[in-house]
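In: I would like to see how this sequence folds:
(one chain, ligands or ions: 2)
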Amino acid sequence: MVVAADMRRFVERFAELIEQNADTLTELDAAIGDADHGINMRRGVRAVLERLGDEPTPGAVLKTVATTLISKVGGASGPLYGTAFLRASAAAGSKESLDDADLAALFSAALEGLRQRGGAQAEDKTMIDAFAPAVGAFETALAQGHPRKDALQAARSAAYAGSDATIDLVARKGRASYLGERSRGHRDPGSFSTALLFDAAASTLSGDGP
Ligand code: ADP
Ligand code: MG
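Out: Residues are numbered from 1 along each chain as shown. Ligands and ions are numbered 1, 2, ... in the order given. Next comes the predicted model:
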């Protein structure tokens, strides 16, 4: 089961991975955007860590993340991740602990929020291209009877693979779409921060302690 403390560890691990990869995220955005994705995400996760406290439920933790990202992160990614976390928070509701099915519902609600907010489809070269395969892999692994730990690893791998696959795509959403064909050959920065998110989930939400 995932309780509030596990969800806080997930957020802290995500923040750590963003700190470690902020320069990479910004370099990726320099190639096909405006060189601020790492800066935006770092500002966001730092503000989240300042606000994170003694939330009683996983849903409350996710809500703190959502409202902070929406208010602190400029750019497209703030409202997008903010919406994803807000939908995840709503899916978690006021439950004290989340089981596998709850977690699957939470991931899928987050993905739906991203889709609605940004209007991007698969292969538009956005964070959706990491997020959607990760959610799909998680659900498939659970349906096949794999334990949550393995399902989270499958999600993590699918997110990184999805991000890798953005390299060959032409951007159809966001700033990179202004470049048209010239966006091909570069990894989408948001897909990489999404892979970091599922990486953090894999190491903190398996339910077998720190
Ligand atoms: P901005 O583009 O405003 O500078 P960021 O650099 O922080 O914002 O974030 C850029 C990332 O946001 C892109 O790499 C892409 O993954 C994601 N993104 C942009 N527009 C959309 C959209 N409509 N739907 C989903 N993701 C998007
Ligand atoms: Mg940018």
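
In: Give me every residue in the protein lying close to ligand 2.
Out: For the chain, the contact set with ligand 2 under CB under 5 Å from the ion comprises 29, 33-34, 36-37. Glycine gets a C-beta too; all of them are placed from N, C-alpha and C.

In: Is there a quick ChimeraX command that grabs whichever of those are buried?
Out: Buried residues within the residues of the chain next to ligand 2, by 16 or more other CB atoms under 10 Å, are selected in ChimeraX with:
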select :29,33,36,37
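
In: Name the nearest of the residues of the chain next to ligand 2 relative to residue 184.
Out: Distance ranking of those against residue 184, using CB to CB, places residue 33 first at 14.3 Å.

In: residues in contact with the closest one?
Out: By CB atoms under 8 Å, 6 or more residues apart in numbering, residue 33 lies in contact with 174-176, 189.

In: if you set the cut-off to 7 Å instead, what comes out?
Out: By CB atoms under 7 Å, 6 or more residues apart in numbering, residue 33 lies in contact with 175-176, 189.

In: most surrounded residue in the residues you listed?
Out: Neighbour counts for these, by other CB atoms under 10 Å, peak at residue 189, which reaches 32 neighbours.

In: Okay, that one and ligand 1: tell me how far apart.
Out: 4 Å (CB to the nearest ligand atom, to the nearest Å).

In: Surely that residue is in contact with residue 37?
Out: Yes. Assessed by CB atoms under 7 Å, residue 189 is found in contact with residue 37 at 4.1 Å.

In: Can you check which residues contact both of these two?
Out: Common neighbours of residue 189 and residue 37, using CB under 7 Å, 6+ apart, are 25, 28-29.

In: Let me know the closest of the residues you listed to ligand 1.
Out: Taking CB to the nearest ligand atom as the measure, ligand 1 lies nearest residue 29 of those, at 4.8 Å.
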